[in-house]
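A.B. asks: Make a model of this:
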Amino acid sequence: MESIWTGDVESAFFDSDRFDKYRQLNLAEYEYNKRINKNSFYVLGVDVGRFACTTEVVVIKVTPAVNSAQTIKQIVNLYTIDAENFIAQAIKIKHIFNAYKCRAAVVDGNGVGAGLIDLLVVDSTDPETGEVLYGWGVINDEDRKYKNTMTENTIHDALYIMKANQVLNSEMYAYCKTQLTNGRLRFLIDERTAKEKLLAQAQGQKMSAVKRAQYLKPYVQTNILKDQMLNLIQENEGAHIILKQSSKKIPKDKFSALIYGLYFCKLDDDKRGKRKSRDLSQMMLFTKK
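C.D. replies: Down below sits the predicted model:
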């Protein structure tokens, strides 16, 4: 779980100082927060792995910004799912989705990801508890490929299938950087700071080493996410942004999960902006003398 590397790469696409500036979240979240704004919601970004690669899940809490059509995106937790069979992975991802009462999950549908999606759209049964986890309806199912998998229990519009390509990747990279630069992305505090805060409390002092490590895991995962982002350097190809790994030893799967989730946030921001513009136009129309 420890970070492999940390530091700045020359010509890195993302700025480490900007990332650190917005590490403002003191506590990770493990379920839906009942005290959130009524217009807030949670989104999952999922980068699919199999065999030698893990599946990465990023949990984003989206909150409307004050007096703006934009939203604040808080990365409240990150999960790593070992390269198990897709049946087990689908069950774990559905449990995470249900815990946060997510509006949607954005899942990589290219390559091996298609196999996981086939299991997310149908009901699953947790072998340990016997709980039935209902299948998800697909938001962007323009070709109606998943129509036959729907039942009366299907969770409608829960799954957005990400079919990334060069054009879409470029758009997601630019959006992620803009959100970070404009202070609309918020991250968990550094692992060291989280540990100091934990040990300053009587409850933290009584924790076993195992429980303490479990508590600190989301903060460690955030450190790794930062390392992955700072390892990316830009190589333009025409009008498109191409991001390459400076060190091949540092993967970018957590970053991929992040930008997948952020893409859904972008679509929501765009809709919010159009509604705000339409409402403003109507208001100007009715107030015009």
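A.B. asks: Show me where the stretch 101-250 of the chain has its strands.
C.D. replies: Per DSSP state E, counting those that start in this stretch, the stretch 101-250 of the chain carries strands over the ranges 104-108, 124-125, 132-133, 136-138, 155-162, 185-188, 232-237, 240-245.
A.B. asks: Starting from the second one, tell me which strands it pairs with and how they run.
C.D. replies: Sheet neighbours of strand 124-125, with direction, are listed as strand 132-133 (antiparallel) (DSSP bridges).
A.B. asks: What of the first one?
C.D. replies: Partner strands for strand 104-108, per DSSP bridges, with pairing direction: strand 41-47 (parallel), strand 155-162 (parallel).
A.B. asks: next one: the last one
C.D. replies: In its sheet, strand 240-245 lies beside strand 232-237 (antiparallel), with partners assigned from DSSP bridges.
A.B. asks: And the average pLDDT for the partner strand is what?
C.D. replies: Over the span of strand 232-237, the pLDDT mean works out to 87.
A.B. asks: Give the buried residues for it.
C.D. replies: When burial is assessed from 16 or more other CB atoms under 10 Å, strand 232-237 yields the following buried residues: 232-233. The way it works is simple: take the backbone N, C-alpha and C, and place the C-beta from them, glycine included.
A.B. asks: which residues touch it?
C.D. replies: The list of residues contacting strand 232-237 from outside it, by CB atoms under 8 Å, 6 or more residues apart in numbering, reads 9, 11-14, 166, 241-246, 252, 255.
A.B. asks: JSON lines for those, including distance to Glu29, pLDDT and neighbour count?
C.D. replies: As requested, the contacts of strand 232-237 are arranged in JSON lines below (distance: CB to CB, whole Å; pLDDT from 0 to 100; neighbours: other CB atoms under 10 Å):
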{"residue": "Val9", "distance to Glu29": "30", "pLDDT": "68", "neighbour count": "17"}
{"residue": "Ser11", "distance to Glu29": "34", "pLDDT": "82", "neighbour count": "10"}
{"residue": "Ala12", "distance to Glu29": "29", "pLDDT": "92", "neighbour count": "17"}
{"residue": "Phe13", "distance to Glu29": "28", "pLDDT": "96", "neighbour count": "21"}
{"residue": "Phe14", "distance to Glu29": "24", "pLDDT": "97", "neighbour count": "23"}
{"residue": "Gln166", "distance to Glu29": "34", "pLDDT": "94", "neighbour count": "12"}
{"residue": "Ile241", "distance to Glu29": "31", "pLDDT": "94", "neighbour count": "17"}
{"residue": "Ile242", "distance to Glu29": "34", "pLDDT": "95", "neighbour count": "16"}
{"residue": "Leu243", "distance to Glu29": "28", "pLDDT": "96", "neighbour count": "23"}
{"residue": "Lys244", "distance to Glu29": "33", "pLDDT": "95", "neighbour count": "12"}
{"residue": "Gln245", "distance to Glu29": "30", "pLDDT": "96", "neighbour count": "15"}
{"residue": "Ser246", "distance to Glu29": "32", "pLDDT": "95", "neighbour count": "17"}
{"residue": "Lys252", "distance to Glu29": "24", "pLDDT": "96", "neighbour count": "20"}
{"residue": "Phe255", "distance to Glu29": "20", "pLDDT": "98", "neighbour count": "28"}
